[in-house]
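In: How does the following fold in three dimensions:
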Amino acid sequence: MSLWGKIIAGMLVLTGAQGFGLALRQEMKCILYHLNEQKQMLFYIMREISFLHRPMQEIFLSLADRLQKPYNVFLKDIADNMDNGSGRTLQEIWDEELDTIEKNRCYPKVITRYLRRMKRCFCCEEDEMQKEAFAMLCEELEEERKKMQKSKDEKDRLIRTLSFLAGILCIMIFV
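Out: Next up, the predicted model:
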(Lines give C-alpha, C1' and ligand atoms only; values in the text may rest on other atoms or scores of the structure.)
Protein backbone atom coordinates (compact mmCIF):
# COMPACT_ATOMS: atom_id res chain seq x y z
CA MET A 1 0.00 0.00 0.00
CA SER A 2 1.38 3.40 -0.90
CA LEU A 3 2.06 6.18 1.58
CA TRP A 4 -0.96 8.15 0.34
CA GLY A 5 -3.19 5.12 0.74
CA LYS A 6 -2.02 4.68 4.33
CA ILE A 7 -2.58 8.35 5.09
CA ILE A 8 -6.10 8.28 3.66
CA ALA A 9 -6.92 5.01 5.47
CA GLY A 10 -5.59 6.49 8.71
CA MET A 11 -7.72 9.62 8.29
CA LEU A 12 -10.79 7.48 7.60
CA VAL A 13 -10.18 5.38 10.73
CA LEU A 14 -9.67 8.51 12.81
CA THR A 15 -12.82 10.08 11.38
CA GLY A 16 -14.80 6.91 12.12
CA ALA A 17 -13.60 6.86 15.72
CA GLN A 18 -14.55 10.52 16.15
CA GLY A 19 -17.97 9.77 14.64
CA PHE A 20 -18.51 7.01 17.16
CA GLY A 21 -17.65 9.42 19.98
CA LEU A 22 -20.06 11.97 18.53
CA ALA A 23 -22.84 9.37 18.51
CA LEU A 24 -22.29 8.66 22.20
CA ARG A 25 -22.42 12.36 23.04
CA GLN A 26 -25.59 12.81 20.94
CA GLU A 27 -27.33 10.08 22.94
CA MET A 28 -26.75 12.02 26.16
CA LYS A 29 -28.03 15.21 24.51
CA CYS A 30 -31.11 13.30 23.36
CA ILE A 31 -31.94 12.22 26.91
CA LEU A 32 -31.51 15.81 28.15
CA TYR A 33 -33.84 17.01 25.39
CA HIS A 34 -36.53 14.52 26.43
CA LEU A 35 -36.20 15.42 30.10
CA ASN A 36 -36.64 19.11 29.27
CA GLU A 37 -39.67 18.43 27.06
CA GLN A 38 -41.33 16.32 29.74
CA LYS A 39 -40.68 18.99 32.33
CA GLN A 40 -42.32 21.59 30.07
CA MET A 41 -45.24 19.24 29.58
CA LEU A 42 -45.67 18.85 33.35
CA PHE A 43 -45.53 22.60 33.96
CA TYR A 44 -48.15 23.23 31.31
CA ILE A 45 -50.48 20.54 32.66
CA MET A 46 -50.10 21.89 36.22
CA ARG A 47 -50.86 25.42 35.03
CA GLU A 48 -53.93 24.30 33.12
CA ILE A 49 -55.24 22.34 36.10
CA SER A 50 -54.54 25.18 38.54
CA PHE A 51 -55.98 28.12 36.66
CA LEU A 52 -58.28 27.01 33.85
CA HIS A 53 -59.61 23.65 35.10
CA ARG A 54 -59.86 22.35 31.54
CA PRO A 55 -60.54 18.69 30.73
CA MET A 56 -57.46 16.55 30.07
CA GLN A 57 -58.40 16.00 26.44
CA GLU A 58 -58.34 19.75 25.77
CA ILE A 59 -55.10 20.12 27.71
CA PHE A 60 -53.46 17.40 25.60
CA LEU A 61 -54.62 18.95 22.32
CA SER A 62 -53.40 22.38 23.37
CA LEU A 63 -50.12 20.97 24.59
CA ALA A 64 -49.61 19.00 21.37
CA ASP A 65 -49.45 22.34 19.52
CA ARG A 66 -46.72 23.61 21.84
CA LEU A 67 -44.36 20.64 22.03
CA GLN A 68 -41.92 19.17 19.54
CA LYS A 69 -41.98 15.71 18.01
CA PRO A 70 -42.49 13.01 19.22
CA TYR A 71 -44.43 14.39 22.22
CA ASN A 72 -46.91 16.34 20.10
CA VAL A 73 -47.89 13.18 18.21
CA PHE A 74 -48.07 11.18 21.45
CA LEU A 75 -50.44 13.65 23.12
CA LYS A 76 -52.55 14.13 20.01
CA ASP A 77 -53.03 10.38 19.70
CA ILE A 78 -54.08 10.17 23.35
CA ALA A 79 -56.58 13.02 22.91
CA ASP A 80 -57.98 11.39 19.75
CA ASN A 81 -58.39 8.07 21.56
CA MET A 82 -60.15 9.82 24.43
CA ASP A 83 -62.51 11.37 21.90
CA ASN A 84 -63.47 7.98 20.44
CA GLY A 85 -65.46 7.15 23.57
CA SER A 86 -64.36 3.54 23.63
CA GLY A 87 -64.89 3.31 27.40
CA ARG A 88 -61.19 3.06 28.21
CA THR A 89 -59.70 5.14 30.99
CA LEU A 90 -56.99 7.72 30.44
CA GLN A 91 -54.49 5.42 32.13
CA GLU A 92 -55.31 2.57 29.73
CA ILE A 93 -55.01 4.84 26.69
CA TRP A 94 -51.74 6.27 28.03
CA ASP A 95 -50.33 2.75 28.50
CA GLU A 96 -51.36 1.69 24.99
CA GLU A 97 -49.67 4.72 23.43
CA LEU A 98 -46.53 4.13 25.51
CA ASP A 99 -46.46 0.48 24.43
CA THR A 100 -46.65 1.63 20.81
CA ILE A 101 -43.83 4.09 21.37
CA GLU A 102 -41.65 1.47 23.07
CA LYS A 103 -42.21 -0.93 20.16
CA ASN A 104 -41.20 1.82 17.70
CA ARG A 105 -38.25 2.80 19.93
CA CYS A 106 -38.95 6.53 19.70
CA TYR A 107 -37.76 7.23 23.23
CA PRO A 108 -34.78 6.22 25.35
CA LYS A 109 -35.76 3.75 28.10
CA VAL A 110 -35.12 6.22 30.91
CA ILE A 111 -37.65 8.57 29.33
CA THR A 112 -40.44 6.01 29.02
CA ARG A 113 -40.00 5.32 32.73
CA TYR A 114 -40.96 8.92 33.52
CA LEU A 115 -43.87 8.84 31.09
CA ARG A 116 -45.19 5.73 32.85
CA ARG A 117 -44.91 7.50 36.19
CA MET A 118 -46.69 10.54 34.75
CA LYS A 119 -49.69 8.31 34.07
CA ARG A 120 -50.07 7.69 37.80
CA CYS A 121 -50.54 11.40 38.42
CA PHE A 122 -53.81 11.31 36.47
CA CYS A 123 -55.29 8.89 39.02
CA CYS A 124 -55.57 11.58 41.70
CA GLU A 125 -59.15 12.68 42.22
CA GLU A 126 -58.74 16.28 43.37
CA ASP A 127 -56.96 19.06 41.52
CA GLU A 128 -54.68 19.80 44.48
CA MET A 129 -53.60 16.18 44.80
CA GLN A 130 -52.99 16.03 41.06
CA LYS A 131 -50.90 19.20 41.13
CA GLU A 132 -48.84 17.86 44.04
CA ALA A 133 -48.24 14.58 42.23
CA PHE A 134 -47.14 16.45 39.09
CA ALA A 135 -44.93 18.76 41.18
CA MET A 136 -43.18 15.80 42.81
CA LEU A 137 -42.58 14.18 39.43
CA CYS A 138 -41.32 17.50 38.09
CA GLU A 139 -38.79 17.69 40.92
CA GLU A 140 -37.60 14.17 40.12
CA LEU A 141 -37.28 15.08 36.45
CA GLU A 142 -35.22 18.12 37.38
CA GLU A 143 -32.93 16.03 39.60
CA GLU A 144 -32.49 13.50 36.78
CA ARG A 145 -31.80 16.33 34.33
CA LYS A 146 -29.14 17.85 36.60
CA LYS A 147 -27.54 14.46 37.13
CA MET A 148 -27.55 13.77 33.39
CA GLN A 149 -26.13 17.22 32.62
CA LYS A 150 -23.32 16.71 35.11
CA SER A 151 -22.61 13.26 33.68
CA LYS A 152 -22.65 14.67 30.14
CA ASP A 153 -20.22 17.43 31.07
CA GLU A 154 -17.87 14.95 32.74
CA LYS A 155 -18.02 12.35 29.99
CA ASP A 156 -17.97 14.72 27.02
CA ARG A 157 -14.25 15.44 27.10
CA LEU A 158 -13.45 11.86 28.04
CA ILE A 159 -15.41 10.50 25.08
CA ARG A 160 -13.73 12.92 22.66
CA THR A 161 -10.29 12.04 23.96
CA LEU A 162 -10.85 8.29 24.06
CA SER A 163 -12.36 8.17 20.58
CA PHE A 164 -9.33 10.08 19.24
CA LEU A 165 -6.93 7.75 21.05
CA ALA A 166 -8.84 4.68 19.83
CA GLY A 167 -8.48 5.98 16.28
CA ILE A 168 -4.74 6.50 16.74
CA LEU A 169 -4.43 3.00 18.25
CA CYS A 170 -6.25 1.46 15.28
CA ILE A 171 -3.97 3.30 12.87
CA MET A 172 -0.88 2.06 14.72
CA ILE A 173 -2.15 -1.53 14.75
CA PHE A 174 -2.99 -1.62 11.06
CA VAL A 175 0.14 0.16 9.82
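In: Distance of residue 134 relative to residue 32?
Out: 20 Å (Cβ to Cβ, to the nearest Å). Backbone N, C-alpha and C define where each C-beta goes, glycine included.
In: same deal with residue 50?
Out: Relative to residue 32, residue 50 is positioned 27 Å away (Cβ to Cβ).
In: Settle it for me: which of these two has more neighbours?
Out: Each of residue 50 and residue 32 has its neighbours counted (other Cβ atoms under 10 Å); residue 32 has more, 16 against 13.
In: Phi first, then psi, for the more buried one.
Out: Note on residue 32: backbone dihedrals following degrees, to the nearest 10 are phi -60, psi -40.
In: same check, this time on residue 87
Out: The phi/psi pair for residue 87 (degrees, to the nearest 10) is phi 90, psi 0.
In: gap between it and residue 81?
Out: Distance of residue 87 to residue 81, computed by Cβ to Cβ: 11 Å.
In: Please identify which of these two sits among more neighbours.
Out: Applying other Cβ under 10 Å to residue 87 and residue 81 shows that residue 81 carries more neighbours, namely 19 against 6.
In: State the pLDDT value of the nearest residue to the more buried one once chain neighbours are set aside.
Out: Closest residue in space to residue 81, ignoring its immediate chain neighbours: residue 93 at 4.6 Å, by Cβ to Cβ, 6 or more residues apart in numbering. On pLDDT, residue 93 comes in at 87.
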